[in-house]
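K.L.:
return a 3D structure for these sequence lines:
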Amino acid sequence: MIEKRYKEAFERASEARKEKILEVGIEEFSAKGYENANINVIAKNAGISIGLMYKYFSTKEDLFLTCIHRGCKILDDSLEEIMKSNDKILKKAERLIRTTCYHSKKNSNYIRLYNEITSERNPELAKLIAEEIEFPTSRKYITSIAQAFAKNDVRQDLDPRLFAFFLDNLLMSLQFSYTCDYYRDRFEIYTGINVDEMDDEQVVTQLLKFIEGAFTFEK
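P.N.:
Residues are numbered from 1 along each chain as shown. Below is the predicted model:
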């Protein structure tokens, strides 16, 4: 997992300044990718000197990973309440889809950043990021599906780990379809509708039917 990568000076900065630096950083990294993002540009757009930026972060990688961690926390906080609830698995799935639609629109830069890092060419950095992003989410999904399996709320021939992986793939693709050009075009090719004009309720209803079939129908 990603450990703390910022210096004490950043901890002491005002919440408004921290918020501004990370928002600008996420925008730069999501638009240009890690390799092409410029820490000097981030400092300028955040309204601070490059010297002060290096008092906060030793390297561009440290800033990048701090931005990643922030995005992960926003998503993790939204998942925590849903997955810890006593709702049946299909109700959780419905809430997950709605949260995905909302989160993708409200925090589009985080989703674009997530898409950028899936093509990260640095294997060690990619592995570190994957563990930070995927591990907490995977545990939540696997646990919820396993609990539903134990209660006989889902088909009894499923593998909770694989189903968790497939469910997350569906939601990940949905996130990208709202925010990333290639996936937005792909959505329109399949549906004939620009995603900006799509009724979220239709997305929720249709995807939930798809998931319900996967979770409940046995041969």
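
K.L.:
ok, and what's touching the one helix or strand in the chain whose mean pLDDT sits lowest?
P.N.:
The helix or strand of the chain with the poorest confidence is helix 108-117; it has a mean of 83 (mean pLDDT, DSSP states H and E). Outside helix 108-117, the residues that touch it by CB atoms under 8 Å, 6 or more residues apart in numbering are 23, 26-27, 29-31, 33-34, 67-68, 71, 74-75, 103-104, 126, 129, 133, 175-176, 178-180, 183. No exception for glycine: its C-beta is placed from N, CA and C like everyone else's.

K.L.:
helices of this protein, start to end?
P.N.:
Ranges of helices in the chain, per DSSP state H, are 8-12, 15-36, 39-46, 50-56, 60-84, 89-106, 108-117, 123-150, 160-179, 181-191, 200-216.

K.L.:
which strands or helices does the fourth one pack on?
P.N.:
Packed against helix 50-56, as judged by 3 or more CB pairs under 8 Å, 6 or more residues apart in numbering; DSSP states H and E, are the following elements: helix 8-12, helix 39-46.

K.L.:
present the helices of the chain as TSV; the columns should include mean neighbour count.
P.N.:
Below are the helices of the chain laid out as TSV (neighbours: other CB atoms under 10 Å):
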stretch	mean neighbour count
helix 8-12	13
helix 15-36	17
helix 39-46	18
helix 50-56	16
helix 60-84	18
helix 89-106	19
helix 108-117	21
helix 123-150	16
helix 160-179	18
helix 181-191	14
helix 200-216	15
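
K.L.:
ok, now which ones touch residue 87?
P.N.:
residue 95.

K.L.:
okay, it: pLDDT?
P.N.:
Here, the pLDDT recorded for residue 87 equals 93.

K.L.:
likewise residue 98?
P.N.:
95.

K.L.:
follow-up on the earlier one: tell me which of the helices and strands packed on helix 50-56 sits nearest to residue 56.
P.N.:
helix 8-12 (3.9 Å; CB to CB).

K.L.:
against residue 171, how distant is residue 92?
P.N.:
Residue 92 sits 12 Å away from residue 171, taking CB to CB, to the nearest Å as the criterion.

K.L.:
where does pLDDT dip in the chain?
P.N.:
1-3, 119-122, 219 (pLDDT under 70).

K.L.:
mind running it again at 90?
P.N.:
1-6, 30-35, 61, 65, 67-81, 83-84, 103, 105-136, 217-219 (pLDDT under 90).

K.L.:
grab the nearest non-local neighbour of residue 95.
P.N.:
residue 82 (4.8 Å; CB to CB, 6 or more residues apart in numbering).

K.L.:
these two touch, right, that neighbour and residue 97?
P.N.:
No - using CB atoms under 8 Å, residue 82 is not in contact with residue 97, being 10.4 Å away.

K.L.:
shared neighbours, these two?
P.N.:
Joint contacts of residue 82 and residue 97 (CB under 8 Å, 6+ apart) do not exist.

K.L.:
show me what contacts the residue lying closest to residue 94 once chain neighbours are set aside?
P.N.:
Spatial nearest neighbour of residue 94, excluding adjacent residues (CB to CB, 6+ apart): residue 208 at 5.3 Å. Residues in contact with residue 208 (CB under 8 Å, 6+ apart) are 90, 93, 94, 97.

K.L.:
tell me the one of these nearest residue 42?
P.N.:
Checking those one by one against residue 42 (CB to CB), the nearest turns out to be residue 97, at 33.4 Å.
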